[in-house]
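Engineer: pasting the structure only:
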């Protein structure tokens, strides 16, 4: 190969290679920044409300709250909401505003019911109600078509309603009551397993942490 041809090749291709490398670096940094932004965990509601459109994960666990702050319902892009280990007794019907919510973690509170509007969370995949005061399955839960994990361990539920069989996408159902008086009997358990043959029905607590949820 002549020197002329080599010079031509280098002069033609090297700039192209340089441009491609620059573009690759830019795309990589841009994707890295987006991933970092998506996975940012907000733990302060005031800060979250200053960045409403970019809040995807909010954790207000262990805050001794009795009610859910109204500001949360303004976070329309929220995907994961951790409100566990508080003293919450009810959920506002404004929960339906969180259309993009995929995980709602409410274990260790004092809930007895859920608003019917929760069934409008059509993207909700995980609902953790472990360690609350439920005596029945809220009717609204049966309308959560995308639900894959439902944890109601530690409740006082005597009988599971027929509507629970509407949860065709559910993969894991945790149901064992911890009060011997209301311990689920073998007939109920068999009924559930027959009605939800593809569902793992568990009686041991699946401890869901924030880090577990991010995996």
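Structural biologist: Received, thanks. From a predicted model like this one, the values you see are computed outputs, not experimental measurements. Numbering: from 1, shown residues only.

Engineer: Tell me the bridge partners for the spatially most central residue of the chain.
Structural biologist: Central residue of the chain (C-alpha atoms, centre = their mean): residue 103, 1.4 Å from the mean position. Residue 103 has these beta-bridge partners by DSSP bridges: residue 80, residue 126.

Engineer: ok, it - contacts?
Structural biologist: For residue 103, the contacting residues are 79-81, 124-126, 128, 213, by C-beta atoms under 8 Å, 6 or more residues apart in numbering. (C-beta placed from N, C-alpha, C; glycine too.)

Engineer: at 10 Å instead, please
Structural biologist: Neighbouring residues of residue 103 by C-beta atoms under 10 Å, 6 or more residues apart in numbering: 57, 78-82, 123-128, 149, 208, 213.

Engineer: Would you mind checking those residues for buried ones?
Structural biologist: The neighbour-count test (16 or more other C-beta atoms under 10 Å) marks 57, 78-82, 124-128, 149, 208, 213 as buried among the contacts of residue 103.

Engineer: Quick check: the farthest pair among those residues?
Structural biologist: Distance extremes for the buried ones among the contacts of residue 103: the farthest pair is 78 and 149 at 18.0 Å, using C-beta to C-beta.

Engineer: Run through the protein and note the low-pLDDT ranges.
Structural biologist: Low-confidence segments of the chain (pLDDT under 70): 1-39, 176-185, 203-215.

Engineer: can you rerun that using 50?
Structural biologist: 8-10, 19, 26-28, 30-37, 180-182, 209-210, 213-215 (pLDDT under 50).

Engineer: Do a quick rundown of the strands in this structure.
Structural biologist: 41-42, 57-59, 80-82, 103-105, 126-128, 149-151, 172-174, 200-202 (DSSP state E).

Engineer: Minimum distance to residue 50: which of these has it?
Structural biologist: strand 41-42 (9.9 Å).

Engineer: Give me the contacts around that closest one.
Structural biologist: With contact meaning C-beta under 10 Å, 6+ apart, strand 41-42 is reached by 48-51, 54-60, 75, 78, 80, 82, 210-211, 214.

Engineer: Which strands border that strand, and is each parallel or antiparallel?
Structural biologist: Partners of strand 41-42, by DSSP bridges, with direction: strand 57-59 (parallel).

Engineer: Return the distance of the strand it pairs with from the chain's centre.
Structural biologist: Distance of strand 57-59 from its chain centroid, counting by C-alpha atoms, centre = their mean, to the nearest Å, is 10 Å.

Engineer: Repeat that for stretch 187-200.
Structural biologist: 24 Å.
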